[in-house]
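1. Give the three-dimensional model of this entry:
(2 chains)
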Protein chains: 2
Amino acid sequence: MTVKEYIAAHEEEFLQDLFALLRIPSISSQSEHKPDMVRTAEHWRDYLLASGMQRAEVYPTPGNPVVFAERIIDPSAKTILIYGHYDVMPVEPLELWKSEPFEPVIRDGHIWGRGADDDKGQTMIQVAGLRTALALDLVRCNVKIIFEGEEEIGSTHLEAFCQEHKEMLRADVILVSDTSMVGRNTPSLTTGLRGLAYWEIEVTGPNRDLHSGHFGGAVANPINELSKIIAQMVDEKGRITIPHFYDDVVPLSKEERDMIAQVPFSQEAYCKAIDVDAVFGEEGYSTLERNSCRPSFDVCGIWGGYTGEGAKTVLPSKAYAKVSTRLVANQDHDKISKLFVDYVKQIAPPYVRVKVTPMHGGEAYLCPIDLPAYKAAEEACAVAFGQRPLAVRRGGSIPIIATFEKVLGIKSVLMGFGLESNAIHSPNENFPLDIFRIGIEAVAEFYKLYR
Amino acid sequence: MTVKEYIAAHEEEFLQDLFALLRIPSISSQSEHKPDMVRTAEHWRDYLLASGMQRAEVYPTPGNPVVFAERIIDPSAKTILIYGHYDVMPVEPLELWKSEPFEPVIRDGHIWGRGADDDKGQTMIQVAGLRTALALDLVRCNVKIIFEGEEEIGSTHLEAFCQEHKEMLRADVILVSDTSMVGRNTPSLTTGLRGLAYWEIEVTGPNRDLHSGHFGGAVANPINELSKIIAQMVDEKGRITIPHFYDDVVPLSKEERDMIAQVPFSQEAYCKAIDVDAVFGEEGYSTLERNSCRPSFDVCGIWGGYTGEGAKTVLPSKAYAKVSTRLVANQDHDKISKLFVDYVKQIAPPYVRVKVTPMHGGEAYLCPIDLPAYKAAEEACAVAFGQRPLAVRRGGSIPIIATFEKVLGIKSVLMGFGLESNAIHSPNENFPLDIFRIGIEAVAEFYKLYR
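-> Alright, predicted model coming up:
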């Protein structure tokens, strides 16, 4: 029986197994779902035991539990560690969903539901691929699995878990399906992720909201001043102005830029999809370079003063912004965080008080393309998709990948099968059935090659 | 019986009458309070009839009703028209109020509640002063009263009402208590008011909130862009940068600057009262000049993106701001409004869409100090306060005052008794009991002099 035949025969079973997972509303950022986190972890434990693992356990943490499982066939063989997460993002706004987020359905050749891609659908591809490879006796390496329940809230307790269980987690490589491909017809593997630093800025002017007629013109307005601070962060050429911000950024090589230029991309279609008339970014870089290989600075939220109906004339006491930068390989998020705090203090005028609170951060990541596991994943995808996947850096962040490298000393291969249109983190998250099948095949093929 | 004796005998009654008014939440900018506007107007009508008016009526408008009342004793006598407003500002943030905004109380010698000053407290001073003067047979002029319910939202329908009722509103002078004094020990009359122009800016980037990892750096962020637009509006010298903005501003005369310099003022106490370390304003002008005789630009509110708990990474679709300028005598608010709209369009970058909606506006006002009614008010205040009031321009706006002059051809005397510390438009609005008494006395004394 071939890999393809096995998958065709068991597809319905794999889908039902995934649906059972998708039905549990494991939203990590909302405390009322605490019991659902435990349920999901226990569900995975039982399923992994039923999938050929010799041992599977739920490990409590001060936050949501970690699921660990293993199948050791030969201590001298290679070991892979599969990482995934069972928590999902909130589902609001609910009214935009065409079907219930936690009642998964098949419609128009797609699986619909929160987690269909990120990351329940993709972890199920890994496990179904492993089940297939085990059934066909293709597996020659040891397999370990770690699924966490806090990825969407910053993997708060996973670093400590890694520190505590270094020996248990020992492996040659980590395999992760939590990223997306360039496009449906352009399979790709992710070789880079951006890092992140995030702050909240609070600007305080007068000690209370003032009448803008009685004080306007004589007292600094905290919203005007916050706007000035933000406006100074990026110059006309799209460069971030924080002193020493780019010091550690490694210049893009000609080779990498040439490869990025090969990625099918239409600037017109890109603009049309998000309905903008033009793009803006760092001078001297293409859109694909800007959103994956170069840092960025974004205000994620801003608020202050009167925001209700009508026209209230007020000189407000406070203004706030949540701001973030995406970082690239070799930038240290703690160092960047300090540079930002210092810079804001330096440019803040004496007539308002400015407080900057670092919120969270994560390092960027780069995967060498000559890693044996990378080569196996590349070849496996070539078989399953019928074409060799591109190696591309992506703009998002999975901070735990850098943590694995730092704490466990293990590189990760990012074998993700998502698509932009899967709408992760948004209403109507979905996953195409055909890619679900192909993904399982690619994972099963991986075990033929990684030996 | 002297004026003072009469007021002392009736103070409790006047306070209860004011409290009945303060209990009605007549917030004109919030549509759910529509019924409260009508209730307040009808309450005033009944109270004015009970206060010696021969006629009092509620006139519907397309917005909130206008209350008009009159007492004509002699067609050949002088006529005063008392203007006030019965609408109040919103009360948010509610948690900062020490007592309920619409459950007025007396505490520490002050009346506390929304409208205690602006303008229910001050209109009650006018009416209580008139009741006193009538009771003591001091009134020798005809009295007309007009109270509107849309002052805090730009007096939208009052101009049309004036156009329609020019004959009914005919008077020699308009008396208004809706301004404040320099200080508790420095009574003053307001001879100038600033004008106002107010807009809402909407900046649209992508058609939906985007993942800041996948798009950050490649797509313009509407909050960053809105901040840049706002940051450009005022230069380092505190000058507004809108082209031609200052074209019609009449330079401050040496005489007026000398008079302003006589107003008791401590920069240190000013900063301490609002808890700022330094002031900021237009170079070359003092604080008192800046906040009364020079224009200003303030952001009254700003919002966009994620403003909840924690750190959501998002490149938002929209950003909004409510912005306003205070204008000075001779600046045309319609002209300024157009200049602003044109300027924003000119500086808006091509990669976001910017919409500017003018909200409302009003002209500035100047009162000649040789006007007979001004002199009567000055003398009446001198009697009640025991010292002659200063003549000063103030920074606030009462756009309708300029409209009265334009439409009815009548000058207004601004006999206001507010104090900075009364916190109008803010939480814990209040009015000192002693000034309430002195104000009533000053109004009663006015009728002795204005004959």
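2. Dump the C-alpha coordinates for the longest helix anywhere in chain A into PDB.
-> For chain A, the longest helix by residue count, based on DSSP state H, is helix A:3-22. Presented in PDB, the C-alpha positions along helix A:3-22 are these (Å, rounded to 0.1, in the frame of the first residue of the first chain):
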ATOM      1  CA  VAL A   3       1.300   6.500   1.300                       C
ATOM      2  CA  LYS A   4      -1.300   8.000  -1.000                       C
ATOM      3  CA  GLU A   5      -3.500   5.000  -0.800                       C
ATOM      4  CA  TYR A   6      -3.300   4.800   3.000                       C
ATOM      5  CA  ILE A   7      -4.300   8.400   3.300                       C
ATOM      6  CA  ALA A   8      -7.200   8.000   0.900                       C
ATOM      7  CA  ALA A   9      -8.500   5.100   2.900                       C
ATOM      8  CA  HIS A  10      -8.200   6.900   6.300                       C
ATOM      9  CA  GLU A  11      -9.000  10.500   5.300                       C
ATOM     10  CA  GLU A  12     -12.500  10.300   6.800                       C
ATOM     11  CA  GLU A  13     -11.100   9.000  10.100                       C
ATOM     12  CA  PHE A  14      -8.400  11.700  10.200                       C
ATOM     13  CA  LEU A  15     -11.000  14.400   9.600                       C
ATOM     14  CA  GLN A  16     -13.300  13.100  12.400                       C
ATOM     15  CA  ASP A  17     -10.300  13.000  14.700                       C
ATOM     16  CA  LEU A  18      -9.600  16.700  13.800                       C
ATOM     17  CA  PHE A  19     -13.200  17.700  14.300                       C
ATOM     18  CA  ALA A  20     -13.300  16.200  17.800                       C
ATOM     19  CA  LEU A  21     -10.400  18.600  18.600                       C
ATOM     20  CA  LEU A  22     -11.900  21.600  16.900                       C
END
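3. what residues does whichever helix or strand comes after it touch?
-> Downstream of helix A:3-22, the next assigned helix or strand under DSSP states H and E is helix A:34-49. For helix A:34-49, contacts defined as CB atoms under 8 Å, 6 or more residues apart in numbering or on different chains pick out A:17, A:20-21, A:24-28, A:56-58, A:64-67, A:69, A:86-87, A:127, A:145, A:147, A:149. C-beta: built from backbone N, CA, C; applies to glycine.
4. Report the angle between helix A:34-49 and helix A:3-22.
-> Between helix A:34-49 and helix A:3-22, the angle comes out at 160 degrees (axes from the mean of the first three to the mean of the last three CA atoms, to 10 degrees).
5. Got a quick ChimeraX command for the buried subset of the contacts of helix A:34-49?
-> Listed next is the ChimeraX selection for buried residues among those, using 16 or more other CB atoms under 10 Å in any protein chain shown:
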select /A:17,21,24,25,26,27,28,56,58,64,65,66,67,69,86,87,127,145,147,149
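6. out of the contacts of helix A:34-49, who's near chain B?
-> When CB under 8 Å from any CB of the partner chain is applied, no member of the contacts of helix A:34-49 is adjacent to chain B.
7. Against chain B, how distant is A:A278?
-> 4 Å (CB to the nearest CB, to the nearest Å).
8. show me the contacts for that residue.
-> A:A278 sits in contact with A:C271, B:P350, B:Y351, where contact means CB under 8 Å, 6+ apart.
9. Please enumerate the helices of chain A.
-> Under DSSP H, chain A gives helices at A:3-22, A:34-49, A:120-135, A:158-164, A:212-215, A:222-231, A:254-262, A:267-274, A:287-290, A:333-347, A:372-385, A:399-408, A:433-449.
10. buried sites along the first one?
-> Of the residues in helix A:3-22, those buried under the neighbour-count criterion (16+ other CB under 10 Å) are A:V3, A:K4, A:Y6, A:I7, A:H10, A:F14, A:L15, A:D17, A:L18, A:F19, A:L21, A:L22.
11. Also the fifth one?
-> Of the residues in helix A:212-215, those scored as buried under the neighbour-count criterion (16+ other CB under 10 Å) are A:S212, A:G213, A:H214, A:F215.
12. Quickly name whichever of the residues you listed is closest to A:G305.
-> Nearest to A:G305 among the buried residues of helix A:212-215 is A:S212, at 9.6 Å by CB to CB.
13. Would you check how far apart A:A380 and chain B are?
-> Taken as CB to the nearest CB, the span from A:A380 to chain B is 25 Å.
14. ok, now A:I7?
-> Distance from A:I7 to chain B, by CB to the nearest CB: 30 Å.
15. Return the residues in contact with that residue.
-> Contacts of A:I7 by CB under 8 Å, 6+ apart are A:F14, A:A128, A:T132, A:R437, A:I440, A:E441, A:A444.
16. Could you do A:S180 as well?
-> A:D117, A:T190, A:R394, A:G416, A:F417, A:G418, A:L419, A:E420, A:N422, A:I424 are the contacts of A:S180 under CB under 8 Å, 6+ apart.
17. looking at it, A:T123 is touching A:G84, isn't it?
-> Yes - if you go by CB atoms under 8 Å, A:T123 and A:G84 touch, sitting 3.4 Å apart.
18. Now the worst-scoring helix or strand of chain A on mean pLDDT: buried residues?
-> Between all helices and strands in chain A, the lowest mean by mean pLDDT, DSSP states H and E belongs to helix A:254-262, at a mean of 87. Neighbour counts over helix A:254-262 (16+ other CB under 10 Å) mark A:E256, A:M259, A:I260 as buried.
19. And for stretch A:27-45?
-> Buried-residue list, stretch A:27-45, by 16+ other CB under 10 Å: A:I27, A:S28, A:S29, A:H33, A:D36, A:M37, A:V38, A:T40, A:A41, A:H43, A:W44, A:R45.
20. With stretch A:444-451 instead?
-> A:A444, A:E445, A:F446, A:Y447, A:K448, A:L449, A:Y450.
21. Please produce JSON lines containing the residues you listed, extended by pLDDT.
-> Output for the buried residues of stretch A:444-451, formatted as JSON lines (pLDDT from 0 to 100):
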{"residue": "A:A444", "pLDDT": "98"}
{"residue": "A:E445", "pLDDT": "98"}
{"residue": "A:F446", "pLDDT": "98"}
{"residue": "A:Y447", "pLDDT": "98"}
{"residue": "A:K448", "pLDDT": "97"}
{"residue": "A:L449", "pLDDT": "97"}
{"residue": "A:Y450", "pLDDT": "97"}
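22. Tell me the one among those residues nearest to chain B.
-> A:F446 (25.7 Å; CB to the nearest CB).
23. what's the residue in the stretch 1-150 of chain A positioned nearest to chain B in contact with, if anything?
-> Residue nearest to chain B within the stretch 1-150 of chain A: A:S29 (7.1 Å; CB to the nearest CB). For A:S29, the residues meeting the contact criterion (CB under 8 Å, 6+ apart) are A:M89, A:P90, A:E152, A:I153, B:G310.
24. In ChimeraX, how would I select just the buried ones from these?
-> A single ChimeraX command is used to select the members of these judged buried by 16+ other CB under 10 Å:
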select /A:89,90,152,153
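25. Quick one: which of the contacts of A:S29 has the lowest pLDDT value?
-> Minimum pLDDT for the contacts of A:S29 is recorded at B:G310 (85).
26. Quick one: mean pLDDT for stretch A:427-442?
-> 97.
27. In the stretch 151-300 of chain A, mark out all the strands, start to finish.
-> A:173-176, A:188-193, A:195-204, A:210-211, A:296-305 (DSSP state E, counting those that start in this stretch).
28. Residue numbers of the stretch 51-200 of chain A in contact with chain B?
-> So far as CB under 8 Å from any CB goes, the stretch 51-200 of chain A lies against chain B at A:I153, A:G154, A:R194, A:L196, A:Y198, A:E200.
29. Right, I'll call it a day here.
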